[in-house]
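Q: My questions are about this predicted structure, shown below with the sequence.
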Amino acid sequence: MTDMLPRWRRIVAHPEFRAGAREISGVAPGLAAWGLMTGVAMVQSGMSTVEALAMTLLVFAGSSQLAAIPLIAASAPVWVILATSFCVNLRFVVFSAHLRSYIMHLPRPLRLLVGYVTADMTYVLFVRRYAHPPTTAAEREAQLAYLAGGGGLNWASWQAASIAGIALAHSVPLHWGLGFAGILALTGVACSLASTTMRRVSAGVAGAAAVAAFALPFKLNIVFAIAVAVALCLLLERPAPPDRRSAT
């Protein structure tokens, strides 16, 4: 742990740190607008300032926050709130599995920190820039610097906007439609991830199922949509051919 400070200095000074921050800055305004609206929504749903601040700092997941807020306001059962948030954030399990080979060389506290600050756009931009895990110490440091630059700026812009929304909750009306900027940002994320036929099919099926089940209480249409899309894709997915090398 004694070498952490010099290591962070090297990471911040690395050119890839600035590259990560520069690339995330293109979508940061849209995400910040979404964060502002999330902060406003938390307070206007009945949360106290302390509760809203704790949620934005600890959870740091706008989609699950917005999914949980109306459930909390409606006094929904705890299991419904947890199940909805879990399903909304299931994509991060996939992100984590993919990033495992990139960051397993890091100590556990640093891996946890990387997982905390990694969001949709930071993941998309990272895997687009680095198609393969690092093989040398220089590559490991460059990739960590890029992640730190993008994830740090994304986290800071979201938190600043969300805290501003909490502070100005009674001055910013919801009908301003600031959340639409966040919807556009998420649409860009979804389009970037829909790179195969199976992913496009799953996205279309999930969207159709969510609309069809919109009348379900407690936003359970989200859970229903995820379950239908996953089930259909499991049925359509072709099993991988057997690895003949393992049989020899």
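A: Received the coordinates, thanks.

Q: the helices in the chain, which residues?
A: 4-13, 15-24, 28-44, 49-58, 62-73, 78-88, 91-103, 108-117, 120-129, 137-167, 179-193, 197-212, 220-236, 244-247 (DSSP state H).

Q: buried ones in the fifth one?
A: Which is helix 62-73. Residues Gly62, Ser63, Ser64, Gln65, Leu66, Ala67, Ala68, Ile69, Leu71, Ile72 are the ones in helix 62-73 that count as buried (16 or more other C-beta atoms under 10 Å). Where you see a C-beta, it was placed from the backbone N, CA and C, and this is true even at glycine.

Q: same question for that helix, mean pLDDT?
A: Across helix 62-73, pLDDT averages out at 83.

Q: now for that helix, which elements pack on it?
A: Applying 3 or more C-beta pairs under 8 Å, 6 or more residues apart in numbering; DSSP states H and E, one finds that helix 62-73 contacts helix 28-44, helix 78-88, helix 179-193.

Q: Now do that helix against helix 220-236, angle only.
A: 130 degrees (axes from the mean of the first three to the mean of the last three C-alpha atoms, to 10 degrees).

Q: who touches helix 62-73?
A: 31, 34-35, 38, 41-42, 45-47, 55-56, 59, 80-81, 84-85, 88-89, 158, 179, 182, 186, 218-219, 222 (C-beta atoms under 8 Å, 6 or more residues apart in numbering).

Q: now that helix: how far from the chain's centre is it?
A: Remark: helix 62-73 is offset 15 Å from the chain centroid, using C-alpha atoms, centre = their mean, to the nearest Å.

Q: Then the longest one?
A: In terms of C-alpha atoms, centre = their mean, the centre of helix 137-167 is set 12 Å apart from its chain centre.

Q: Stretch 106-123 now?
A: The chain centroid and the centroid of stretch 106-123 are separated by 11 Å under C-alpha atoms, centre = their mean.

Q: Check which residues of it are buried.
A: Leu110, Arg111, Val114, Val117, Thr118, Ala119, Asp120, Met121, Thr122, Tyr123.

Q: measure the first one to Leu144 for me?
A: For Leu110, the distance to Leu144 under the criterion C-beta to C-beta, to the nearest Å works out to 8 Å.

Q: And the fourth one, by the same measure?
A: Taking C-beta to C-beta as the measure, Val117 and Leu144 are separated by 12 Å.

Q: same question, the second one
A: The span separating Arg111 from Leu144 equals 11 Å under the rule C-beta to C-beta.

Q: any common contacting residues for these two?
A: Contact with both Arg111 and Leu144 is made by residues Ile103, according to C-beta under 8 Å, 6+ apart.

Q: any idea which of the helices of the chain is most buried?
A: The highest mean neighbour count among the helices of the chain, using mean count of other C-beta atoms under 10 Å, belongs to helix 28-44: a mean of 23.

Q: Fine by me, we can end here.
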